[in-house]
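Asker: Kindly return the folded structure for what I paste below:
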Amino acid sequence: MLSKLHTDRHTTQSSHSRHHGRPEMTPDEALIRALMAKQVGINSVVRQISYSGGFPVWTSRGTVIFLLQSNREGWAVAGDFNDWNPFPMTNIGHHLWVAELKIPKSIGQKLRYLYFLPNGESISDPLSLCFCDDFEDSCSFLKRPSRRQYLMRWNDFTSPQGLKSRPIHVLVPPNDGPYDVLYAHDGQNLFSKDSICGGWKLCERMREIGGNFLIVGIWNSPDRMSEYTHADDVYTDGGYYATLGHKYAAFVEETVRPFIESHFRTTARAGLMGSSLGGLISLYISNCYPGRYDSVFALSPTTAWGRLGRDNGTLIRDYYEKAGHQNTFLYIDHGGSFPTEGMPDILDRKAAIRDESDWASAYDNCCYTFDFVSALAEIGYRQSVDMFYQHIPGAPHNEDAWSARVSKPLRIFMEKRG
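Answerer: Numbers count the residues shown, from 1 in each chain. Down below sits the predicted model:
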């Protein structure tokens, strides 16, 4: 029904355009006008437009259509393009608010906008394709800005591998590319000022170092413990987690990466980055696809996974020893403190469980991560050549600590190009 409506409206508009000289209506415009006429439902419209031209929708009439779903009353839209004078939105039912404004495409960089309530409260557009959400600024953009850093988003990103859908956010630097690409996990903690512990603050960190590459923030799903691990294990909470790491690795390499490369001008150079289990899965993905990733940045990786509930489970160390030296630069770090009795001669479950206990911030995966780095040295990795290892004494296991030191791996990724 939707396809037929789409085709019929497009055909009608094309005929009208030929007769009157008006530009043809795009599929996105046809969809949102069908929504405004209550001929289609909100969910299908949002998904199709989000993965096409994105919101807000530029029309054949020289206007822009804004769409907001909210059960609060009295919304208006304002931005640089109208000197921030609120323009009332119309409630079309089902808590949907729309506004159509005449905005010339020649407005240059007057692209910022927000939604306002009568009391002056404002929010950025949760549907906008391009936006900014950090401590410097929070706004949405009419279209892709130039000469400034911004974020792009695709919500409800599906997985043909059978994993749960999730959002993907991309931090775009203020240049035209082609871009190297860094794929980062736990994406909801990377950019937003509302992230846990303030997040990694990557928008600020990239401005500080003059970052010139894309960062693709892949959000985790409710299955994080399974998706971000390479082996089945029993966690310290007593829960058993069957690995989905092989499916997640395929999702990143075979689904996310081609999508990004089809939407941006990219180079062949890509890296992986994550912390805790995100660091572990970064190491695993690179091992699954030798030669596909130039660099891996693992901050406080959970290198003990596989032996938290088992005496002789498979460690990430085992994968790397079997593969031998690879042409991938490895950055490994951790905080915490080693046990007072020194490094154990044989790593056992007791050390792993201690590192993942309620007082994990005191250890931050010290023992097993140092053991992993020692194994890398044994198979030929050299410090400051194709590996960088650092211990940050006392650093806790949280986003604030990773934010404080993430500039180092970001600089390494940027400086090692070529």
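
Asker: Can you name the element that comes right after the worst-scoring helix or strand of the chain on mean pLDDT?
Answerer: Lowest mean confidence among the helices and strands of the chain (mean pLDDT, DSSP states H and E): helix 2-20, at a mean of 40. Once the chain leaves helix 2-20, the next helix or strand it forms, by DSSP states H and E, is helix 27-36.

Asker: now for that following helix, which elements pack on it?
Answerer: On a contact count with 3 or more C-beta pairs under 8 Å, 6 or more residues apart in numbering; DSSP states H and E, helix 27-36 meets helix 2-20, helix 42-50, strand 57-58, strand 63-69. Any C-beta I mention is one placed from the backbone N, CA and C, and that applies to glycine too.

Asker: which outside residues touch the shortest one?
Answerer: The list of residues contacting strand 57-58 from outside it, by C-beta atoms under 8 Å, 6 or more residues apart in numbering, reads Thr26, Asp28, Glu29, Ile32, Ile49, Val64, Ile65, Leu67, Lys105, Lys143.

Asker: at 10 Å instead, please
Answerer: 26, 28-33, 45, 49, 63-67, 100, 103, 105, 127, 142-143 (C-beta atoms under 10 Å, 6 or more residues apart in numbering).

Asker: Please type out the ChimeraX selection for whichever of these turn out to be buried.
Answerer: Selection of buried members from the contacts of strand 57-58 for ChimeraX, criterion 16 or more other C-beta atoms under 10 Å:
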select :26,28,29,30,31,32,33,45,49,63,64,65,66,67,100,103,127,142,143
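
Asker: Apart from its chain neighbours, what residue comes closest to Arg205?
Answerer: The shortest distance from Arg205 to any non-neighbouring residue, by C-beta to C-beta, 6 or more residues apart in numbering, is to Ser407 (5.2 Å).

Asker: Please, where are all the helices along this structure?
Answerer: Secondary structure of the chain (DSSP state H): helices located at 2-20, 27-36, 42-50, 202-209, 224-227, 245-250, 257-263, 277-288, 316-323, 349-355, 366-378, 399-405, 407-415.

Asker: quick check: mean pLDDT across the fifth one?
Answerer: Confidence over helix 224-227 (mean pLDDT, whole number) is 98.

Asker: can you tell me the distance between the two ends of stretch 84-95?
Answerer: Terminal residues of stretch 84-95 lie 24 Å apart, using C-alpha to C-alpha, to the nearest Å.

Asker: What of stretch 159-173?
Answerer: 27 Å.

Asker: Off-centre distance for it?
Answerer: Centroid separation for stretch 159-173 versus its chain: 7 Å, with C-alpha atoms, centre = their mean, to the nearest Å.
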